[in-house]
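S.K.: Sequence first, predicted coordinates after that:
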Amino acid sequence: MGAWGTRNFENEGSQDWIFDLIDNKDGGLVTDTLIRIMNNIETLEIPDCEEALAAAETVAALVSRPSEDFPEDPLEKLDVLNLIATRALRNQAIAVVNKIVAGSEMKNFWEESGQGPAWAAVQADLVKRLE
């Protein structure tokens, strides 16, 4: 995992995902990513978690609650997505975050690194911003 911190955009996977989202102007990618994670019955792998948390962060940003580490250029271009963060979409994003926190390779990675509490606090903050 190419990570340099516990925040959701402090890794290569989420950075790549958000820039691809904006470059392709595809708001459907947000919902597709969230649905893919919710439908996954296997252990969630780190790359999937990185993308899903980036999607959830995007939903939070759409309701004017972006994280401090949300990349500036994509943040300024979210309007190209033509995506509205409805209550249903926000609830779906919350469910995805909770699923990742409940059990995933990403959770295991941060716990084994000794930074599990810091990572969990980032996810708790994301859920609050989505509510």
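M.R.: Right, received. Where do you want to start?
S.K.: so what's Ala54 closest to, chain neighbours aside?
M.R.: What sits nearest to Ala54 in space, not counting adjacent residues and going by Cβ to Cβ, 6 or more residues apart in numbering, is Ser14, at 3.8 Å. The way it works is simple: take the backbone N, C-alpha and C, and place the C-beta from them, glycine included.
S.K.: Only alpha carbons, please: show the helix or strand containing the one you found as CSV.
M.R.: Taking DSSP states H and E as the criterion, Ser14 maps to helix 12-24. Output of helix 12-24 as CSV, limited to C-alpha atoms (Å, rounded to 0.1, in the frame of the first residue of the first chain):
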residue,chain,number,x,y,z
GLU,A,12,-1.9,6.5,-4.1
GLY,A,13,-5.1,4.5,-4.7
SER,A,14,-7.5,7.2,-3.6
GLN,A,15,-5.4,9.9,-5.3
ASP,A,16,-5.6,8.0,-8.6
TRP,A,17,-9.3,7.3,-8.1
ILE,A,18,-10.3,11.0,-7.5
PHE,A,19,-8.3,12.3,-10.4
ASP,A,20,-9.8,9.6,-12.7
LEU,A,21,-13.2,10.6,-11.5
ILE,A,22,-12.7,14.2,-12.4
ASP,A,23,-10.8,13.5,-15.7
ASN,A,24,-13.7,11.3,-16.9
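S.K.: Of all the residues in the lowest-mean-pLDDT helix or strand in the chain, which ones are buried?
M.R.: The helix or strand of the chain with the poorest confidence is helix 72-76; it has a mean of 88 (mean pLDDT, DSSP states H and E). For helix 72-76, the buried set under the neighbour-count rule, 16 or more other Cβ atoms under 10 Å, comprises Pro74.
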